[in-house]
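[1] attaching a predicted model along with its sequence, questions to come.
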Amino acid sequence: MPGHTVDGLYFSGEPQAIRSHSRGQVEKEQQSRASRAAEAKAWADVLARVRQRRFEPEDRRYLAEVELMAYGRREKSRVLAELGRAQTPESAHGLLLELGVWDQTVDPYPRRLELPEQSPQLPLAELAAEARRDLTHLPAFAIDDQGTADPDDAVSIDGDRLWVHVADVAALAALSIGGTQVEELRKTLVGRIGENMSIRRFQRLQAKGRLSSYVHGGSKIGVVVDLVGGDDSLAKDIAMHIAASKPVVLDQNEVSAELIEREREIARQKAAESGKPANIVEKMVEGSVQKYLKEVTLLGQPFVKDDKQTVGQLLKSKGAQVDRFVLYVVGEGIEKKSTDFAAEVMAQAAAAR
């Protein structure tokens, strides 16, 4: 009898005042226990697969919290805690990549940093038809930066006239590679693989050091790095890091004062809600700004192969520096429908309660 009381299925109460449960109560408790046991087993199975770096479709609902954390929408994850991993968006992002839940084309930074995800729709006037002008005799001054959406922009000054040059895809298509026009090579590839392709953008680099390139599996991400100093192995490692972490700019000097001030204002509004003293709030704000700068700058990001050091520290230890890098992701800048699977799962879970 005491055993049944402790178990709580058929009886409850103290030995001197035992209450028996009805059949309905017993069956309901049995169903509840079976459900909890099944959920516990499913959770244990998910953790076992995650530790083996395996992923099954049914695991997705358990990893929804990790996706939310990678997007900066959640502060803690039970999955990361069980694995003994850092409770950070970067750690969550890394796990999703390791498991194959996300691939390298998923970029959480816009949502994490509360940036607009859709390109602005601006009306453009039709350009007047006119003959091409030969301006190759004029010095051209590049106005590119790592965040520009218009590759190879430059300006030239001709007396009192300012010429603005924009990369010309049509002119690129007319150039030759090994005696064959780029456009002809494009058509040959289309016929070979059976899928249409077009040249949408390009950048032209004049190297100060060695140019190293990296194309990620699936050919959806491409990187070119101009590394001054170091060796080929370091250049390749930096290119692979850029493909994985997608920095926006090289260093803090390339982040505009306006953008920093906007981030500071967002952080100030969030910190003010904490109700802490003004001096503490200001420290929280500066901490948030510095965290943002580390996330978007190549030199400030933790190196993917050794997160104990930043890319900047790695380069310094090798006596090298990056002069410039270019990162392209297939489809980047083309508007497409975005599905937030993690948000859908959380919404379904809330509705089921």
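    Ah, there it is. Residues are numbered from 1 along each chain as shown.
[2] now the strands for the stretch 1-150 of the chain?
    11-14, 17-20, 141-142 (DSSP state E, counting those that start in this stretch).
[3] got it, and the stretch 251-353 of the chain?
    Using DSSP E, counting those that start in this stretch, the strands assigned to the stretch 251-353 of the chain run over residues 302-303, 306-310, 321-329.
[4] of all these, which lies closest to L47?
    Closest approach to L47 among the strands of the stretch 251-353 of the chain (C-beta to C-beta): strand 306-310, 22.7 Å. For every residue, glycine as well, the C-beta is placed using N, CA and C.
[5] the closest one: which residues count as buried?
    T310 (16 or more other C-beta atoms under 10 Å).
[6] so what secondary structure elements neighbour it?
    Judged by 3 or more C-beta pairs under 8 Å, 6 or more residues apart in numbering; DSSP states H and E, strand 306-310 is in contact with strand 302-303.
[7] export the strands of the stretch 1-150 of the chain to a markdown table and tack on mean neighbour count?
    Formatted as a markdown table, the strands of the stretch 1-150 of the chain follow (neighbours: other C-beta atoms under 10 Å):
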| stretch | mean neighbour count |
| --- | --- |
| strand 11-14 | 13 |
| strand 17-20 | 10 |
| strand 141-142 | 11 |
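[8] switch those strands over to CSV; also include distance to I157 and mean pLDDT.
    As requested, the strands of the stretch 1-150 of the chain are arranged in CSV below (distance: least, C-beta to C-beta, whole Å; pLDDT from 0 to 100):
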stretch, distance to I157, mean pLDDT
strand 11-14, 90, 75
strand 17-20, 94, 78
strand 141-142, 8, 64
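[9] before we move on, back to that, can I get the strands of the stretch 251-353 of the chain in JSON lines with distance to D226 and mean pLDDT?
    Shown next, in JSON lines, are these (distance: least, C-beta to C-beta, whole Å; pLDDT from 0 to 100):
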{"stretch": "strand 302-303", "distance to D226": "18", "mean pLDDT": "94"}
{"stretch": "strand 306-310", "distance to D226": "19", "mean pLDDT": "92"}
{"stretch": "strand 321-329", "distance to D226": "4", "mean pLDDT": "91"}
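[10] I'd like to know which of these is closest to Q25.
    strand 306-310 (53.0 Å).
[11] give me the contact list for the closest one.
    Here strand 306-310 makes contact (C-beta atoms under 8 Å, 6 or more residues apart in numbering) with 90, 294, 299-303, 314, 317.
[12] can you lay out the strands of the stretch 251-353 of the chain as JSON lines showing distance to E286?
    Formatted as JSON lines, the strands of the stretch 251-353 of the chain follow (distance: least, C-beta to C-beta, whole Å):
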{"stretch": "strand 302-303", "distance to E286": "20"}
{"stretch": "strand 306-310", "distance to E286": "18"}
{"stretch": "strand 321-329", "distance to E286": "26"}
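[13] tell me which of these sits nearest to S22.
    Judging the strands of the stretch 251-353 of the chain by C-beta to C-beta, what sits closest to S22 is strand 306-310, at 57.7 Å.
[14] parallel or antiparallel, which strands does the closest one pair with?
    Strand 306-310 has the following strand partners under DSSP bridges: strand 302-303 (antiparallel).
[15] contacts for the strand it pairs with, please.
    90, 237, 241, 308-311, 313-314.
[16] any chance of TSV for those residues, columns distance to Q31?
    Formatted as TSV, the contacts of strand 302-303 follow (distance: C-beta to C-beta, whole Å):
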residue	distance to Q31
E90	42
D237	55
H241	51
K308	50
Q309	53
T310	53
V311	54
Q313	57
L314	56
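[17] what's the closest non-adjacent residue to the residue most central in space within the chain?
    Nearest to the geometric centre of the chain sits D107, at 2.9 Å (C-alpha atoms, centre = their mean). Excluding the flanking residues, the one nearest D107 by C-beta to C-beta, 6 or more residues apart in numbering is K246, at 5.8 Å.
[18] so who does the one you found touch?
    Taking C-beta under 8 Å, 6+ apart, we find K246 in contact with 107, 109, 327, 329.
[19] farthest pair in the contacts of strand 302-303?
    Across these, no pair lies farther apart than E90 and D237, at 17.9 Å, counting by C-beta to C-beta.
[20] who's more crowded, those two?
    D237 (23 against 19; other C-beta atoms under 10 Å).
[21] hmm, K305 and that one touching each other?
    Yes - contact criterion C-beta atoms under 8 Å: D237 and K305 qualify, at 6.5 Å.
[22] can you tell me what sits against stretch 89-106?
    With contacts defined as C-beta under 8 Å, 6+ apart, stretch 89-106 is touched by 50, 53-55, 60, 63, 66-67, 69-72, 77, 79-80, 83, 85, 108, 112, 216, 218, 220-221, 243-244, 302, 307, 329-331.
[23] and what of stretch 54-74?
    42-43, 46, 49-50, 75-80, 87-89, 92-93, 95-96, 99-102, 108, 111-113, 341-343, 345-346, 349.
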